[in-house]
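S.K.: Got a predicted model here, sequence first, then my questions.
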Amino acid sequence: MEPAPESDQSARRTWRRIRKGAYYLTGFAVGVPLLAFWIAYLLLDVRSPQDVLASLGKTVTLKYADGSELLRVVPPGGDRRFVPFDQIPQKLRDAIVATEDPTFWANSGFDPTGIGRAFLTGVGGGSGITQQYIKKSTGDEDSTLCRKMQELVLATKITQQQSKEQIFESYANIISFGRNTFGPAAAMNAFFGRPLDNSITWSEAAFLAGMIQSPSVHDPAVSGDEHAAKRWRYVRDKLVERGYVKNADGMAYPGAEIKPPAETRVSLSYDQYHLKQRVIAELETAGFSLSRLQQGNLTVQTTLDPGLQAGAHAALSDRLKGEPAEFRGALVAVDPTNGAVRAYDGGNNGVRDYAATGHALGSAFYPFTAAAGLKNGMSLNGKVAAPREIQYLGEKFDYPPKCPQPCTLRSALASGADTPFISVSKKIGVDEVSAAARAAGIPDEVDGTPTMREQDGVTIGSGIVVGRYPMRPLDVAGAYATYAANGMHAAVHLVDKVLDRSGKVVWQHENQPVSAVPETVAQDVTSALRTRLPDGRPAALRTGEFERGNSRDNQDTWAVGYTPQLATAVWLGSDDDRRLIDAEGKKVTGSSVPADVWRSFTARR
């Protein structure tokens with residue numbers, strides 16, 4: 001055989017080199033990415049979904065005592081309420097999977113089509129549920145090939161570390177559905193105005209699932225019903241195409257059911273804001289800061305009664321309707337048996353909470369003075385000096401005589417006289433008067449400032465004998481509640497318990513009533529304040545006023561009283577301590593507007 005021509009041998013050598021180079025290039029093209037993948041797999045760490053969700057501020061729900069919703073404290077990032085996997089309705093799960101990642105339950109955490117598109121175009125796209133979760137949890141949503149590869153590695157890794165149910169749960173709770181909501185519970189409320197449960201229809205589920213792709217675009221409030229219906233039909237067709245819905249004839253675009261944003265937006269009225277602030281302040285003393293509540297996805301159950309809370313608002317707003325716009329009011333009602341606040345209205349006139357702001361108690365302080373006298377050996381029917389003028393602690397007091405002669409503690413309380421209580425204070429000393437108020441429940445300090453003291457924070461001055469020192473309606477209601485409970489005092493509180501997302505109690509208010517006032521003294525105070533409600537039930541009531549400057553006009557007026565079931569303090573005043581003149585030009589006293597509010601509210605219980 002003749003040897004092959006030199007040219008043929010050269011061609012074969014060339015092709016061998018080409019093939020060898022191709023093998024090297026192929027090996028490089030395949031091996032390097034694989035090597036890079038495994039290096040990245042070893043080096044990159046994916047946070048567990050539980051850690052990611054725990055770090056996010058979630059909406060804190062405050063509930064009434066009966067478990068119904070009172071209000072929601074939404075973090076700045078949006079309304080986010082965690083929903084466990086088994087509480088996400090099956091219809092919504094199916095709609096999300098059908099639309100966002102039809103192979104989710106079987107795939108390895110990524111969509112090969114999306115990865116291929118990223119290689120070819122250099123931009124992202126086609127991410128499935130697991131990849132979307134990685135994007136949202138890392139906060140890296142750049143449309144780059146590098147980011148896509150990192151996303152692929154992390155999606156694969158988390159799929160090996162977490163169950164599909166855990167991944168879906170985390171995904172559903174971290175994504176936005178629009179209208180500043182995150183998670184299906186917040187979305188259901190924002191669009192349909194009701195809680196997320198198994199009553200959700202296929203039509204509603206299709207709408208919510210359709211929002212995920214572009215929440216700011218698919219909202220009918222933004223782009224109109226025509227656009228939203230088109231997106232909804234797309235999801236409906238995917239549900240049918242992928243076998244989740246056999247017949248879509250019963251489905252219809254739920255446009256008529258979708259609420260306007262203003263109707264479901266989480267916004268607090270001023271009186272709700274006051275409640276939120278009081279609850280948060282109370283919980284902080286128990287070790288539950290707002291951030292702890294938000295990150296722990298905790299629920300707060302308050303002591304408030306929904307009927308009484310509504311009644312307090314109605315009693316105040318109805319009575320103040322038509323009165324001067326400068327009038328301000330507050331109402332607090334406390335359960336005497338345990339100190340639980342059943343109603344709290346700090347006004348709806350701005351951020352100032354009038355129920356937690358100190359106001360001069362005036363003559364409504366006198367039951368504490370009477371209690372001090374009774375504890376120190378005086379009796380309700382014993383004579384008490386009632387001069388027109390009296391000097392004490394360097395101050396001269398001049399009040400018109402009101403107490404019928406002979407004046408007693410009982411008749412002094414009934415007549416609204418002032419100087420008899422100055423006489424009692426002068427006889428037993430202001431320390432005893434202060435101690436009686438403290439025993440009933442007036443705190444030593446509020447927000448670090450001593451109560452019932454002069455500006456030096458130490459001296460008990462003449463102001464105590466006429467109720468000049470400011471007191472909060474919240475504290476006054478709690479102190480009168482001690483007399484309603486025959487001398488047993490329970491700390492006033494707004495929070496009953498804190499629950500985790502499974503409903504387990506993680507903290508509960510513990511409050512053992514203690515004997516604070518001798519029973520006979522408390523019963524005598526009740527006897528002297530005896531009155532009757534419009535329905536004939538017995539009650540105790542003390543009205544009072546504090547005068548403005550040296551005038552005889554009032555700047556603070558009160559009605560404070562109780563039944564065995566409820567102790568209620570009502571305050572009426574203004575922002576600038578002006579003289580209180582009602583719409584008819586009459587001087588406001590405790591027995592007028594405040595007493596009207598008190599009776600209207602108390603008759604409801």
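M.R.: Cool, the structure landed. Numbers count the residues shown, from 1 in each chain.
S.K.: where does the closest residue to Pro594 other than its chain neighbours fall, helix, sheet strand or coil?
M.R.: Nearest in space to Pro594, with sequence neighbours left out and distances taken as CB to CB, 6 or more residues apart in numbering, is Ala559 at 3.7 Å. Every residue, glycine included, has its C-beta placed from N, CA and C. Of the three states, Ala559 takes strand according to DSSP: H, G, I helix; E, B strand; the rest coil.
S.K.: Please name the bridge partners of Ala559.
M.R.: Thr543, Val570 (DSSP bridges).
S.K.: list the contacts for it?
M.R.: For Ala559, the contacting residues are Ala364, Leu541, Arg542, Thr543, Ala569, Val570, Gly590, Ser591, Pro594, Ala595, Val597, Trp598, by CB atoms under 8 Å, 6 or more residues apart in numbering.
S.K.: Am I right that Ser527 is in a helix?
M.R.: Yes - when classified by three-state DSSP, Ser527 is found to be part of a helix.
S.K.: Could you give the number of residues near Ala240?
M.R.: Rather than Ala, residue 240 is Val. 15 (other CB atoms under 10 Å).
S.K.: where do the helices sit along the stretch 251-400 of the chain?
M.R.: 261-264, 270-285, 290-295, 306-320, 366-375 (DSSP state H, counting those that start in this stretch).
S.K.: Need the winner for burial among these.
M.R.: Scoring those by mean neighbour count under mean count of other CB atoms under 10 Å gives helix 366-375 as the most buried, with a mean of 26.
S.K.: What average pLDDT does it get?
M.R.: Mean pLDDT, helix 366-375: 98.
S.K.: In PDB, please show the C-alpha coordinates belonging to that helix.
M.R.: What follows is helix 366-375, C-alpha atoms only, in PDB (Å, rounded to 0.1, in the frame of the first residue of the first chain):
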ATOM      1  CA  TYR A 366     -62.100  65.200  98.300                       C
ATOM      2  CA  PRO A 367     -63.200  61.500  98.700                       C
ATOM      3  CA  PHE A 368     -59.500  60.800  99.300                       C
ATOM      4  CA  THR A 369     -59.400  63.500 102.000                       C
ATOM      5  CA  ALA A 370     -62.500  62.000 103.600                       C
ATOM      6  CA  ALA A 371     -60.900  58.600 103.500                       C
ATOM      7  CA  ALA A 372     -57.900  60.000 105.300                       C
ATOM      8  CA  GLY A 373     -60.100  61.500 108.000                       C
ATOM      9  CA  LEU A 374     -62.100  58.300 108.400                       C
ATOM     10  CA  LYS A 375     -58.900  56.300 108.800                       C
END
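S.K.: ok so, going back, in a markdown table: the contacts of Ala559, plus distance to Leu304 and neighbour count.
M.R.: Formatted as a markdown table, these follow (distance: CB to CB, whole Å; neighbours: other CB atoms under 10 Å):
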| residue | distance to Leu304 | neighbour count |
| --- | --- | --- |
| Ala364 | 24 | 27 |
| Leu541 | 23 | 22 |
| Arg542 | 25 | 27 |
| Thr543 | 26 | 23 |
| Ala569 | 16 | 31 |
| Val570 | 17 | 35 |
| Gly590 | 26 | 27 |
| Ser591 | 28 | 16 |
| Pro594 | 22 | 29 |
| Ala595 | 24 | 23 |
| Val597 | 18 | 27 |
| Trp598 | 19 | 27 |
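S.K.: Alright, calling it a day.
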